[in-house]
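**Student:** this is a predicted model, with the sequence first.
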Amino acid sequence: MGKQEAPFHTLEQFLPEGTYRRIAVFFREYDIHLSITHDRVTVLGDYRAPTKEYPVHRISINGSLNPYSFLITLLHELAHMLAYIQYMRSIHPHGPEWKAIFGRLLSKYTGKGIFPDNVEEALVNYQSRITASTCSDPDLYRALKKHDRRKKNVRFVEEIPLNERFETHDGRIFQKIEKLRTRFRCKEVNTGYVYLFPAIAEVKLIG
């Protein structure tokens, strides 16, 4: 199922308690079309700048995210919007200007009892080294994932025992072979080809 445009007041059911009023201000001040999507494997959220054909700010967010991941992802995309308004297309998407804006937005939500302790700690550390995606920060990603409703047998690659097999989201079967510094060497069973997996890649344990 694809995107569904959502009235901004429906945001309340996706956000952590007590954050809706702060977020709603953006939707009153700016012309934003929000889409809530079903789970996407490769992207958590997306921002698209206005065009002649569609002269509004467009934001889409995975509706399957837990409330804390949803809020952080939404702030990530709002930071893109604010960066576009201020700089148009003269900056890199995740350059220092965007990082500064995203950092300021995050600072309004930390230290206020909004996030669980483990997420708060990881988020504060993340603010000092903001990357293009929360998925790029293993500590923050792990902290947020602890608040997901994890599907049966779904694990991080780092949790799969050596020599055990696992299945990726596209149905391919791998065997975990060796731990490297930050990744794991895994062999695709059908082809024998070897691939490197991030420690926090989510896969399905077989057996």
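**Tutor:** Cool, got the structure.

**Student:** and residue 177, how many residues sit next to it?
**Tutor:** By other C-beta atoms under 10 Å, 13 other residues sit near residue 177. Heads up, the C-betas are built off the backbone N, CA and C, glycines and all.

**Student:** using the three-state scheme, assign it.
**Tutor:** Here residue 177 is strand, with the state taken from DSSP: H, G, I helix; E, B strand; the rest coil.

**Student:** please name the nearest non-neighbouring residue to it.
**Tutor:** residue 185 (4.8 Å; C-beta to C-beta, 6 or more residues apart in numbering).

**Student:** next one: phi and psi at that neighbour?
**Tutor:** phi -80, psi 130 (degrees, to the nearest 10).

**Student:** next up, the contacts around it.
**Tutor:** By C-beta atoms under 8 Å, 6 or more residues apart in numbering, the contact list for residue 185 reads 177, 178, 179, 194, 195, 196.

**Student:** list just the nearest of the residues you listed to residue 203.
**Tutor:** residue 195 (11.7 Å; C-beta to C-beta).

**Student:** any idea how far that closest one lies from residue 84?
**Tutor:** Distance from residue 195 to residue 84, counting by C-beta to C-beta, to the nearest Å: 36 Å.

**Student:** show me where this protein dips below the pLDDT cut-off.
**Tutor:** Scanning the chain for pLDDT under 70 picks out 1-9, 40-42, 150.

**Student:** the strands in it, which residues?
**Tutor:** 4-5, 32-37, 45-48, 57-62, 154-156, 165-167, 173-179, 183-188, 194-198, 202-205 (DSSP state E).

**Student:** so which of those comes closest to residue 93?
**Tutor:** That would be strand 45-48 among the strands of the chain, by C-beta to C-beta, at 9.0 Å.

**Student:** what lies in contact with the closest one?
**Tutor:** With C-beta under 8 Å, 6+ apart as the test, strand 45-48 has contacts from 54, 57-62, 73-74, 76-78, 80-81, 84.

**Student:** gap between that strand and the chain center?
**Tutor:** Its chain's average C-alpha position is 11 Å from that of strand 45-48, according to C-alpha atoms, centre = their mean, to the nearest Å.

**Student:** could you shift the numbering so residue one becomes 663, and keep it that way?
**Tutor:** All set: I'll call the first residue 663, so the last point we hit is now strand 707-710.

**Student:** can I get the CA coordinates of that strand in CSV?
**Tutor:** Extracted C-alpha coordinates of strand 707-710, given in CSV (Å, rounded to 0.1, in the frame of the first residue of the first chain):
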residue,chain,number,x,y,z
GLY,A,707,11.3,9.7,5.7
ASP,A,708,11.5,12.0,2.8
TYR,A,709,11.3,15.7,2.0
ARG,A,710,10.5,17.3,-1.4
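
**Student:** so in that sheet, which strands flank it, and in what orientation?
**Tutor:** For strand 707-710, the pairing partners within the sheet under DSSP bridges are strand 719-724 (antiparallel).

**Student:** contacts only, for the spatially most central residue of the chain.
**Tutor:** Central residue of the chain (C-alpha atoms, centre = their mean): residue 706, 4.4 Å from the mean position. Going by C-beta under 8 Å, 6+ apart, residue 706 touches 723, 724, 727, 731, 735, 738, 795, 796, 797.
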